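Undergrad: Need a 3D model of the sequence below.
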Amino acid sequence: MESIVALALEYTLKYWLKSFSRDQFKLQGRTVQLSNLDINGDALHSSLGLPPALNVTTAKVGKLEILLPYVSNIQIEPVVVQIDRLDLVLEENSDVDACRSSSSTQPSTSSGKGSGYGFADKIADGMTLEVRTVNLLLETRGGARCQGGATWASPLASITIRNLLLYTTNENWHVVNLKEARDFSNNKKFIYVFKKLEWEFLSIDLLPHPDMFMDANMAHPEEEVNRRDEDGAKRVFFGGERFIEGISGEAYITVQRTELNSPLGLEVQLHITEAVCPALSEPGLRALLRFLTGLYVCLNRGDVDPNAQQRTTESAGRSLVSIIVDHIFLCIKDAEFRLELLMQSLFFSRTSVSDGEKTKNLNRVMIGGLFLRDTFSHPPCTLVQPSMQAVTKDVLHIPEFGQNFCPAIYPLGEQQWQLHEGIPLICLHSLQVKPSPAPPCFASQTVIDCQPLMIHLQEESCLRISSFLADGIVVNPGAVLPDFSVDSLVFTLKELDITIPLDTGESSIFAGDSNSTYQSSFAGARLHIENLFFSESPKLKLRLLNLEKDPACFSLWAGQPIDASQKKWTTRASQLILSLETCSDLTGLQIPLERSSGSWRCVELKDACIEVAMATADGKPLISIPPPGGVIRVGVAFQQYLSNTSVEQLFFVLDLYAYFGRVSEKIAIVGKNNRPRTSENEALAGSLMEKVPSDTAVSLAVKDLQLRFLESSSMDIHEMPLVQFVGDDLFIKVTHRTLGGAIAISSTLHWGSVEIDCVDTEGNLLHENGTTLTCTENGLPSAGSGYPQLRPVFWVQSKWKHQSNGIARAIPLLDISVVHVIPYNARDIECHSLSVAACIAGVRLGGGMNYAETLLHRFGILGADGGPGEGLSKGLENLSAGPLSKLFKASPLLVDNLEENGSSRDGKDNGFLNLGKPDDVDVSIELKDWLFALEGAQETAERWWFYNDENIGREERCWHTTFQSLQVKAKGSPKRLLNGKGKSQETQEYPVELITVSTLYVYKYIYTHFLFSAFR
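TA: Numbering: from 1, shown residues only. Got it, this is the predicted structure:
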């Protein structure tokens, strides 16, 4: 019997050890001692279920001791293997074809896997492993290595584990004799082996990559310790740092084999109660993010052949690795900032299913709670946290590709500590296929569901975090998925509250504006978003863009095959609310919108939607955005846009707009060091037309537009406004197309109807002239309800036009079309043309010059001296300093530096078009069905001063003007157009060729009750 046991042990050791011979095996009683052994890397790789892109380059054992039980108990008591030190080195393959470790041997087929479950296999499965110290060095090569030289290399991770214990249990993870543990597999058609892993101490150290010390920037590391870049970040020096220390945990391992002992499934469930990182420096955090990015790339590389994973006959076709951490605490400490991250109930699982040809990996990440705090600021504030509202008891959403993905390996379902109570705050499901399949099959699909969140945007903290993310989370194009692959992403967020605090004393937002009177009431803004949805997939159906009726987008039509040359995005939100916060409401505590006592709601959007579609012109993968020479369609739509804004709120929003412009520039500076540096000559190299898309269209549609300008910042949003603007069916579209040797830019504007009501200022006017009028406290006439009366000054009289198909269509207020043709080359400047066609119909105007002037003074547009008011000047200044101001800056259109042939005098082509005003101009403007009801200041004052007749209505004091049609046509001919005599004629100085007016009426003091009865 002892010889049989010795043969079984020898049989097992040959499988696990390299270059093992029988001469090394010497049984002394019940003890075997071995030293300086090399473990078979392929066997270890397959048994642990490591990803195929990762190699076991080194696996050494210092001293190994085997303790055998009594021979009579060999079937029920385990063989104990004690190792004093185990050194492992895992390294990612830098070459796609290098799927094997240089230190590994050929696949072992002598282990007998698949030939039956024999005596040696039972002894090996029942072994107990005790390791005093495990040293694991992990090196990854993915991430942002090429972005910044060796300084940006992914750091090494040194993992130390002490007092590791691996032993066999029954199906309930209880220690029993081995015979009882094997009894569970009887009549199951499978062989199950249950093992439990425990360790007392685990630490992770991040070490600088060896290449970092060869970088020129590291020549004097002692001088670089506290050196900061121009954005204030420590990016250069990283000398190593301990990330995690003193973690204990346990793992539950299930091995599933067929009745012939062929590997079938492997499941590893790790449970860690607490992971604490009490102090991590800024360079350490940047290194950690680079390491995690490199690890992500290593695990998800799509260029690895799944056959490389079948290194030995021990490899299982199905594997499941899950990690559950109950609490995670991470603290980033520095001299100038401190961040604390707390996560609760972190769950990560990776399920792999392989059929030999391809491998499918399903990743799941669930986070029960998340808190990010800035404890350096005064007072400390929470940057990210779950919403304080009661969460509805919904069912956990599992995407279709994640349902029934893999049969269960552990036969008794989830353990008690694995069960999730309630819905997690963040839930991610991601499916990836390796190697990446050819289109139209998806290479990856990702679904992210998020419960209500609250975010506190503090300037300094946001700049720090954006710097960390820009430096650490950078993946080279094609590192994870090949360029030809097709993927999809779906992100849903039930509610999001974003708070933006602004300190008028410390923030630079109010620099230079100390004399402004619009800065004392508000301390920040809050944005509330409901049912946010984002999706990216070439299979999306974009209803707003209506691609099926666009001939230029034939490759994006429904039913067309999809590939990597197409991209589609859509974003939707059921409601967006922008509110301004008073000083007393922003105390660093997150308060729901409806509970906020100082919340002044000013903007509300309903059913907002943005859709984007792109495609390359040659069918190649879409890598550069926007695609050069490609097709782009962008659509923006709002079902309803509501605004309740006072003058004070308006100017604060403009201040906020300018503030975002300055912050965005700082963020751009933070990320510029991470982008590849290109010279100005390289950026301007080549033709401009070769870099821009050949066909672009952008549209904006607003169904219901309501703007209300209030008298003051009142909490009552139903307060009677100073001005009320109501518009319906607004549609704007701008297109850009290439036409051989020219580009055509066309714009279209359709607006169904508009109505503008203003507060009645007549009482104020008459009071200034000395008349007696009953007024409210603010001097405005009262309208029964106690509010001042609104007076219509602009509205539209809708008319219907019957089409040939019998359908009646309302005539819009505005119908404007503009086409601008610009040649590529200045030598074709004669082709430069502009065509404008505009029709404005159904306009009704009321009021007068004195009335309009009073309104302009009241709103701050005009000052006391008649010039621009302080508010208007300040608003224009903030608009010009905002983040969108650069979009409206035109490139220089110069003709002074051109020769006769259109070339530049200095012989250089700067890549921009050098054009003057267009030669061929065709303008047609038509005003249809207009009516004015205007008051004269003198007539109004005289009638009220002399007659003071209260029975005389405003309608009888108006000048009424109406006409059915006023049409103006103008046309300018090219400069070198030949006339009938063969001579060149110059452009007309006054190109207006036709003015037509039909049915014009002007009358005064005529009662027109029908014009005003609907608006009183």
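Undergrad: Helices of the stretch 51-200 of the chain, start to end?
TA: Assigned by DSSP state H, counting those that start in this stretch, the helices in the stretch 51-200 of the chain fall at 119-125, 178-182.
Undergrad: is it possible to export those to CSV including distance to Ala658, mean pLDDT and mean neighbour count?
TA: C-beta: built from backbone N, CA, C; applies to glycine. Below are these laid out as CSV (distance: least, C-beta to C-beta, whole Å; pLDDT from 0 to 100; neighbours: other C-beta atoms under 10 Å):
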stretch, distance to Ala658, mean pLDDT, mean neighbour count
helix 119-125, 70, 87, 19
helix 178-182, 71, 91, 18
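Undergrad: want to throw those into CSV with distance to Val297?
TA: Below are the helices of the stretch 51-200 of the chain laid out as CSV (distance: least, C-beta to C-beta, whole Å):
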stretch, distance to Val297
helix 119-125, 35
helix 178-182, 40
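Undergrad: Identify each buried residue in stretch 273-282, please.
TA: Buried positions in stretch 273-282, judged by neighbour count with 16 or more other C-beta atoms under 10 Å: Ala275, Cys277, Leu280, Ser281, Glu282.
Undergrad: Which residue is the nearest non-sequential neighbour of the third one?
TA: Leaving aside its chain neighbours, Leu280 sits nearest to Ile332 (5.1 Å; criterion: C-beta to C-beta, 6 or more residues apart in numbering).
Undergrad: list the contacts for that neighbour?
TA: Counting by C-beta atoms under 8 Å, 6 or more residues apart in numbering, Ile332 touches Leu280, Ser281, Glu282, Leu285, Arg338, Leu339, Glu340, Leu341.
Undergrad: neighbours around Asp483, how many?
TA: Other residues near Asp483 come to 12 when the count uses other C-beta atoms under 10 Å.
Undergrad: Surely it is within a helix?
TA: No. Assignment of Asp483 by DSSP: H, G, I helix; E, B strand; the rest coil gives coil, placing it outside any helix.
Undergrad: Tell me if I'm right that it and Thr616 touch.
TA: No. Using C-beta atoms under 8 Å, Asp483 is not in contact with Thr616; the gap is 11.3 Å.
Undergrad: quick one on the thing from earlier: among the contacts of Ile332, which are in helices?
TA: Per DSSP state H, helices hold the following members of the contacts of Ile332: Glu282, Leu285.
Undergrad: Between the contacts of Ile332, which has the least confident prediction?
TA: Least confident by pLDDT among these: that is Glu282, with 81.
Undergrad: if I look at it, how far off is Pro208?
TA: Distance from Glu282 to Pro208, counting by C-beta to C-beta, to the nearest Å: 15 Å.
Undergrad: And for Leu289?
TA: Applying C-beta to C-beta to Leu289 and Pro208 gives a distance of 15 Å.
Undergrad: Could you list the low-confidence segments of the stretch 651-800 of the chain?
TA: Within the stretch 651-800 of the chain, the stretches with pLDDT under 70 are 671-689, 711-720, 761-788.
Undergrad: May I have stretch 496-505 as CSV, with CA atoms only?
TA: The C-alpha trace of stretch 496-505 is given here as CSV (Å, rounded to 0.1, in the frame of the first residue of the first chain):
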residue,chain,number,x,y,z
LEU,A,496,-29.3,62.7,-11.1
ASP,A,497,-28.9,65.8,-9.0
ILE,A,498,-25.9,67.9,-9.8
THR,A,499,-25.1,70.8,-7.4
ILE,A,500,-22.7,73.5,-8.5
PRO,A,501,-21.6,75.8,-5.6
LEU,A,502,-20.0,79.2,-6.3
ASP,A,503,-18.3,81.2,-3.6
THR,A,504,-18.5,84.9,-4.6
GLY,A,505,-15.6,85.7,-2.3
